[in-house]
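Peer 1: I need the structure of the sequence given here:
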Amino acid sequence: SIVCLPCSAMVQAASVLFLNPGKADETFWVDYSQFMQAAARDLGLQLHIQYAERSPETAIDQAREALQGEKRPDSLVFVNEQYIAPQILRLSQGSGVKLFMVNNALTPEQARLVQPIEDNYPGWIGSMVANDEEAGYLMLSELVRQYGPLAEGQTVDLLAFSGVKNTPAAQLREKGLRRALAEHPQVRLRQLVYGEWNQLRAHEQAALLLKRYPNTAMVWSANDEMAFGAMRAAEEVGLIPGRDLLFSAVNSSIPALQARASGRLSALVAGHFTVGGWAMVLLSDDAK
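Peer 2: Residues are numbered from 1 along each chain as shown. Below is the predicted model of the structure:
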């Protein structure tokens, strides 16, 4: 007799390695990995995750082992954090491993340098990113809306906390911020600093900046951790978030959602933690 088995039982599940640029206890990247793993399970993919602990050197070492070692995944998913993508692309040549990039794709300059990408890197599938420029724009636009109308000649002071300077997502969120600033010339950006996505660093920076710019009324932050650091500095000098200072953030961590619900955060953009899960859908389609 002939036994018919479903395709998934006859073909070994495709293996995927995700090089997570964050820390193994970093809320956003842990949530990101969990959503990605749930999607992979539903799709029958074997997903393995390695954390680079915010070290580009570690991520490159992990990529080298995955692409040139004995046990290679079918697909490698990685992030162009701190511009490491071209090095990983070069390491992939001749590996037979398919490549997919998430969250931070090639910059226009990098894309020009690696062209023609289809010929030089035949394993390259593509990339998927959130609209970070729109996120930066929406945050400031919402802060301005909630602040209310300004009288002619009146100005309002803004502080901004971006992430890691050499990261496309941070740069694009800044670009969106500046687009919104161009539409609202009465908002004065007093200073933009790089908090490196870190709550403690943003707290230290905000403690100095709030003394330097005591009339600050809005704080734009490229992620939730930096917003909470700046918020703590504001509270330490007697300011009430949501009343004396309006804060914005990116990410849908439980603390961020709670802060938005309570009004401590006035504007919150989220959803990009799902990108890795959607990448699993595309890799599953490609494997079939």
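
Peer 1: separation between L239 and A207?
Peer 2: Using C-beta to C-beta, to the nearest Å, we find L239 at a distance of 12 Å from A207. In this view, the C-beta of every residue, glycine as well, is placed from N, C-alpha and C.

Peer 1: neighbours of L208, just the number please.
Peer 2: Other residues near L208 come to 12 when the count uses other C-beta atoms under 10 Å.

Peer 1: list phi and psi for it.
Peer 2: For L208, the backbone dihedrals (degrees, to the nearest 10) come out as phi -80, psi -40.

Peer 1: check G22 too.
Peer 2: The main-chain torsion angles of G22 are listed as degrees, to the nearest 10 and equal phi -90, psi -170.

Peer 1: repeat for L210
Peer 2: For L210, the backbone dihedrals (degrees, to the nearest 10) come out as phi -70, psi -30.

Peer 1: OK, contacts around the residue nearest to W29 when sequence neighbours are not counted?
Peer 2: Of all residues beyond its chain neighbours, the one nearest W29 is G22 (2.9 Å), with distances taken as C-beta to C-beta, 6 or more residues apart in numbering. By C-beta atoms under 8 Å, 6 or more residues apart in numbering, the contact set of G22 is F28, W29, V30, Y32, Y51, A52, E53, R54.

Peer 1: is it possible to mark the buried ones in those?
Peer 2: Neighbour counting with 16 or more other C-beta atoms under 10 Å marks F28, W29, V30, Y32, Y51, A52, R54 as buried within the contacts of G22.

Peer 1: where does the residue nearest to W29 land on pLDDT?
Peer 2: At G22, the model reports a pLDDT of 95.

Peer 1: so how far is G263 from it?
Peer 2: Look at G22 and G263: by C-beta to C-beta, they are 28 Å apart.

Peer 1: could I get the buried ones among the contacts of G22 as JSON lines with secondary structure?
Peer 2: Supplementary listing: the buried ones among the contacts of G22 in JSON lines, determined by DSSP: H, G, I helix; E, B strand; the rest coil:
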{"residue": "F28", "secondary structure": "helix"}
{"residue": "W29", "secondary structure": "helix"}
{"residue": "V30", "secondary structure": "helix"}
{"residue": "Y32", "secondary structure": "helix"}
{"residue": "Y51", "secondary structure": "strand"}
{"residue": "A52", "secondary structure": "coil"}
{"residue": "R54", "secondary structure": "coil"}
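
Peer 1: got those residues as CSV, with pLDDT columns?
Peer 2: Supplementary listing: the buried ones among the contacts of G22 in CSV, determined by pLDDT from 0 to 100:
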residue, pLDDT
F28, 93
W29, 95
V30, 95
Y32, 96
Y51, 98
A52, 98
R54, 94
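
Peer 1: out of those residues, flag the one nearest to R64.
Peer 2: For the buried ones among the contacts of G22, the closest approach to R64 (C-beta to C-beta) belongs to A52, at 12.5 Å.

Peer 1: the closest one is in contact with E26, isn't it?
Peer 2: No: with the criterion set as C-beta atoms under 8 Å, A52 and E26 do not qualify as a contacting pair; they are 10.9 Å apart.

Peer 1: any idea which helix or strand comes after the helix or strand bottoming out on mean pLDDT in the chain?
Peer 2: Within the chain, judged by mean pLDDT, DSSP states H and E, the helix or strand with the poorest mean is helix 7-10; its value is a mean of 43. With elements assigned by DSSP states H and E, the helix or strand that comes after helix 7-10 is strand 15-20.
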